[in-house]
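Colleague: got a predicted structure here, sequence first:
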Amino acid sequence: MDNLTNKEYQEYAKKKVPKPNYLKNSIRAFFVGGTICLIGQIIRNGLFRFGFDEKAVATGTAIIMVFLGSLLTGLGIYDKIGKFGGAGATIPITGFANSIVASAMEYKREGYIFGVAARMFTIAGPVLVYGIGSSIVVGILYLIFTAGR
Amino acid sequence: MEYITAFIVGGLICVVGQILLDTTSLTPAHIIVTFLMIGVVLGAIGVYEPIAEFAEAGATIPILGFGYSLSKGAIEGAKAKGVIGAFAGGLESTAGATAAAVLFGYIISVVSYPKSKS
């Protein structure tokens, strides 16, 4: 074992890591992700029934889904959904809310500034940095490409 | 009908994420950011709009939809207010969800504790 090079060790470790069950994981992700989107659709249709316009409905649905994701994380339920559903729980916006609460809760002992408030953005921070940054680039590019018309 | 399309399209998007998770060394955080960026690009080139009209929540609830909403907002802002709109538009269109995530995330983190891993 001592005379393995780094590369050889990595190949050795790769063989030892159990292969995930691709089909089972994908089916689970499909059902969990699909169900979360179905719940989103129910909320969306409900808000339309209250007479909100398209923009308000889209925002309202996102707010309610973020609330549900945060709440279920706080109650320890989203963790179980995530263990079962994998990416099916990560990719919906409820997973974004989950990433905020999960890391903020974990670091509460570091205080309310550097613990909770800072750690909320362990994953949400990169999402906002890349999301907002690239949206500005898109807006500017739009102006450049439409300037000549 | 829209319940079925939302379920299937939303589910399929998550399957793509699951396959990436299982076959690459990307972490869930990488997947979230990657999907967000794909949403921004697909929104910018106008591909995501018809998907969102067809699948509704199936396309807007996945994080792809957040990216789509950001770039759609930035383009609308740019159309209406030029450069200033390009800066403000993305955040304007996603302000509700972002603010909700900050507020609810904070309150729920303060009042709840991680479950002991027994």
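Modeller: Good, I have the coordinates.

Colleague: low-confidence regions, the chain specifically.
Modeller: Here I'm looking at chain A. A:1-2, A:148-149 (pLDDT under 70).

Colleague: that's the wrong chain, I wanted chain B
Modeller: Using pLDDT under 70, chain B drops low at B:116-118.

Colleague: just how off-centre is whichever helix in it runs longest within its chain?
Modeller: The helix that spans the most residues within chain B, counting by DSSP state H, is helix B:63-111. Relative to the chain's own centre, helix B:63-111 is displaced by 10 Å; criterion: C-alpha atoms, centre = their mean, to the nearest Å.

Colleague: please name every helix or strand in contact with it.
Modeller: When contacts are defined as 3 or more C-beta pairs under 8 Å, 6 or more residues apart in numbering or on different chains; DSSP states H and E, helix B:63-111 packs onto helix A:54-74, helix A:93-106, helix A:121-146, helix B:28-44, helix B:48-55, helix B:57-60. Where you see a C-beta, it was placed from the backbone N, CA and C, and this is true even at glycine.

Colleague: and B:Q18, which of those is closest to it?
Modeller: Evaluated over the helices and strands packed on helix B:63-111, closeness to B:Q18 peaks at helix B:28-44, with 9.0 Å, by C-beta to C-beta.

Colleague: show me what counts as buried in that closest one.
Modeller: Using 16 or more other C-beta atoms under 10 Å in any protein chain shown as the burial criterion, the residues of helix B:28-44 that qualify are B:28, B:31-44.

Colleague: try stretch B:102-110
Modeller: With burial defined by 16+ other C-beta under 10 Å, the residues of stretch B:102-110 counted as buried are B:102, B:104-106, B:108-109.

Colleague: buried ones in whatever helix or strand B:I13 lives in?
Modeller: In this assignment (DSSP states H and E), B:I13 forms part of helix B:2-23. Across helix B:2-23, burial judged by 16+ other C-beta under 10 Å covers B:2-3, B:5-18, B:21-22.

Colleague: how many residues are close by A:F50?
Modeller: 9 (other C-beta atoms under 10 Å in any protein chain shown).

Colleague: ramachandran angles for it?
Modeller: Dihedral angles of A:F50 (phi, psi; degrees, to the nearest 10) stand at phi -80, psi 0.

Colleague: go on, A:K19?
Modeller: Per-residue torsions, A:K19: phi -70, psi 130 (degrees, to the nearest 10).

Colleague: what's around A:K108, how many residues?
Modeller: 16.

Colleague: show me what contacts the nearest residue to it once chain neighbours are set aside?
Modeller: Excluding its sequence neighbours, the residue lying closest to A:K108 (C-beta to C-beta, 6 or more residues apart in numbering or on different chains) is A:G115, at 5.2 Å. A:G115 sits next to A:104, A:107-109 when contact means C-beta atoms under 8 Å, 6 or more residues apart in numbering or on different chains.

Colleague: quick one, the longest helix of chain B and helix A:54-74 angle?
Modeller: Note on geometry: by axes from the mean of the first three to the mean of the last three C-alpha atoms, to 10 degrees, helix B:63-111 and helix A:54-74 are set 50 degrees apart in direction.

Colleague: filter the buried residues of helix B:28-44 by proximity to chain A?
Modeller: B:28, B:31-33, B:35-37, B:40-41, B:43-44 (C-beta under 8 Å from any C-beta of the partner chain).

Colleague: so which bits of stretch A:118-127 are buried?
Modeller: By neighbour count on 16+ other C-beta under 10 Å, the buried set for stretch A:118-127 is A:118-124, A:126-127.

Colleague: next one: it to chain centre, how far?
Modeller: In this view, stretch A:118-127 has its centroid 11 Å away from the chain centroid, taken as C-alpha atoms, centre = their mean.
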